[in-house]
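In: 3D model of this:
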Amino acid sequence: MQIEEEACQYLTTGSATMDAILGGKGLPTRQVYDLVGDLRLGTLFLHQLCCTVALPLIRGGLAGQAVWQGLSFDWKIYKTLCDSFGSRDQMLLARPPFGTPTWQYFCQILTTHLEPAMRQQGVRLVCLDEPTTYFYGTWDRETLRYIPVEYADLRTIQRQLLRFLWRLALRYNSIILIHRRTGCPVDPEPWIRDGDREQPITCLSFQERSHRICAFRRYTAPYREWFKTPYVESVVECSPFGFRDLDWG
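Out: This next block holds a predicted model:
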């Protein structure tokens, strides 16, 4: 796959404090991120990014569209945040049909829907909501039970997924976020990118401190000793209108 050489751009989170933790300008493009921790806060963070990505470049956006793959997207939250940030509706949904969450089906969605959308419709942000569900089994709609599926090498499956996502992020100068409902990294080892190079995935997390106050963290690398991994942290306010900087004055 030919990788286009484009300059890295930055997507604002909508909070100067959070942008500072990420290096001062926000989330760099051409990267894959692992978002873990508090489920409610992580979901709200993705909704907020889906709004800011449509902002013009001069306001810290990417003037592009967002794709949400998963079942947790909430139009009411999204519309509220769009009004709050003054952005336009540029959302694309790729909801999986219930009953077929398998690895093979997930790969089909990525290749037949996600990549064409990024190529033809100017998608700059991809939110993958709980993709690890596809790795472990399938949901039986008749019995309402989750049926585990045995895989010979889960690590191989994960690496295949990350190789594909890295290529998309590099080729289309975009941001890809993997949102999971667990408190540890996707994989304790660095993900493989482009076959022969290793690139650690950037880990982000939220931790609720008190009512409407939460901590946003960026981990330096997804090491095996998760709770001993170095990180930088900022404290922000969370409300129905998104994440805002605390007014200490």
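In: now for the one helix or strand V32 maps to, which elements pack on it?
Out: Assessed by DSSP states H and E, V32 sits inside strand 31-37. Strand 31-37 sits against helix 39-52, helix 154-171, strand 175-179, strand 202-210, with contacts defined as 3 or more Cβ pairs under 8 Å, 6 or more residues apart in numbering; DSSP states H and E. C-beta coordinates here come from the backbone N, C-alpha and C atoms, glycine included.
In: Now with 10 Å, please.
Out: Strand 31-37 sits against helix 39-52, strand 123-129, helix 154-171, strand 175-179, strand 191-193, strand 202-210, strand 213-219, with contacts defined as 3 or more Cβ pairs under 10 Å, 6 or more residues apart in numbering; DSSP states H and E.
In: what bits of this structure have low per-residue confidence?
Out: Scanning the chain for pLDDT under 70 picks out 1-6, 90, 93-105, 132-141, 143-157, 181-200, 220-229, 247-249.
In: run the last query once more with 80
Out: For the chain, the stretches with pLDDT under 80 are 1-7, 37, 70-71, 88-113, 130-161, 180-201, 220-230, 246-249.
In: Turn the helices and strands packed on strand 31-37 into CSV, including mean neighbour count and distance to V32.
Out: Putting these into CSV (neighbours: other Cβ atoms under 10 Å; distance: least, Cβ to Cβ, whole Å) gives the following:
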stretch, mean neighbour count, distance to V32
helix 39-52, 22, 14
strand 123-129, 24, 9
helix 154-171, 17, 5
strand 175-179, 24, 5
strand 191-193, 19, 7
strand 202-210, 17, 8
strand 213-219, 19, 14
